[in-house]
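**Student:** got a sequence here, can you build the structure:
(one chain, ligands or ions: 1)
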Amino acid sequence: MRANTLRAAMATARMAVSSLSSPARALSSAAAAPPASGVSMVQGASRGIGLEFVRQLLRRSDQGRVVATCRAPDSAAELQELRREHAGRLTVLPLDVTDESTIEVTGAAVGETHGSLDLLINAAGILSIPNVIQPETSLSKVQKSSLLLAYEVNAVGPILVIKVAITAFLSAPNCVCILLITALCLPQCLN
Ligand SMILES: NC(=O)c1ccc[n+]([C@@H]2O[C@H](COP(=O)([O-])OP(=O)(O)OC[C@H]3O[C@@H](n4cnc5c(N)ncnc54)[C@H](OP(=O)(O)O)[C@@H]3O)[C@@H](O)[C@H]2O)c1
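**Tutor:** Residues are numbered from 1 along each chain as shown. This is a model prediction of the structure:
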């Protein structure tokens, strides 16, 4: 990803966290904004937009707790550093959106530890993976396997997480906000 695009994404994450009351009101006029002292879960948190959401949520209050997920928590150096800095407030758990068993195990662990969530953010997604999937620049380079993989990770996976979350911990009355950040790789190839 180009540096200026990433900077813009970070700014968006900062603005979204600092104005959480607005999207929450838009989703439910009856619900209060997610409390700064509440519990948030961010998936796709090892880098990029998800990591910045984790940082901003931890900064927002010294009371709020955050659950961060990615496929390989032990290799997520920046997340582990944040976990040490914010002792007791950040939990890092494994979750692969293409593997339903990891969604179920982590969902059950979150439900057991926290009971319910106030905010669920999905920032897990792929745009390119070396030798597997490249951002297409023309229709002639489009490959069915790349499109299907992007659809599985960027669209199907987040819905499966919400499905498990609804059962495990989102049915509590204080869940007020689900935020999905995603993309499918069509726009670039249609030029
Ligand atoms: N950045 C932008 O300007 C921008 C703009 C529009 C849309 N988006 C979309 O927003 C989403 C996040 O973008 P980003 O720039 O933050 O991407 P990124 O820096 O590449 O981070 C992607 C995150 O998704 C996780 N992830 C990838 N595959 C996964 C899987 N199978 N299961 C669970 N987690 C997985 C990665 O974790 P691990 O690999 O460590 O598991 C990583 O934490 C993407 O869908 C992207 O297309 C981004």
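**Student:** which parts of the protein sit against the ligand?
**Tutor:** The interface of the chain toward the ligand, taken as C-beta under 6 Å from any ligand atom, is made up of 1, 5-6, 9, 44-50, 70-72, 76, 95-98, 123-127, 153-154, 181-183. C-beta here means a position set from N, CA and C on the backbone, and glycine is covered the same way.
**Student:** so how far is Ser61 from the residue positioned nearest the centre of the chain?
**Tutor:** With distances taken as C-alpha atoms, centre = their mean, Asn122 lies nearest the centre of the chain, 2.6 Å away. Remark: distance between Asn122 and Ser61 (C-beta to C-beta, to the nearest Å) = 22 Å.
**Student:** on that earlier part again, report the buried members of the residues of the chain next to the ligand.
**Tutor:** 9, 44-46, 48-50, 70-71, 76, 95-97, 123-126, 153-154, 181 (16 or more other C-beta atoms under 10 Å).
**Student:** quick check: beta-bridge partners of the residue nearest to the centre of the chain?
**Tutor:** Asn122 has these beta-bridge partners by DSSP bridges: Gln43, Leu180.
**Student:** show me the contacts for it.
**Tutor:** Gln43, Gly44, Pro158, Val161, Ile162, Ile178, Leu179, Leu180, Ile181, Thr182 (C-beta atoms under 8 Å, 6 or more residues apart in numbering).
**Student:** mind running it again at 6 Å?
**Tutor:** Contacts for Asn122 (C-beta atoms under 6 Å, 6 or more residues apart in numbering) come out as Gln43, Pro158, Leu180.
**Student:** what is Thr91 paired to in the beta sheet?
**Tutor:** Per DSSP bridges, the residues bridged to Thr91 are Val67.
**Student:** and it, what's its pLDDT?
**Tutor:** At Thr91, the pLDDT value in this model is 96.
**Student:** same question for Leu149.
**Tutor:** For Leu149, pLDDT reads 91.
**Student:** how near is it to Val156?
**Tutor:** Taking C-beta to C-beta, one finds Leu149 at 10 Å from Val156.
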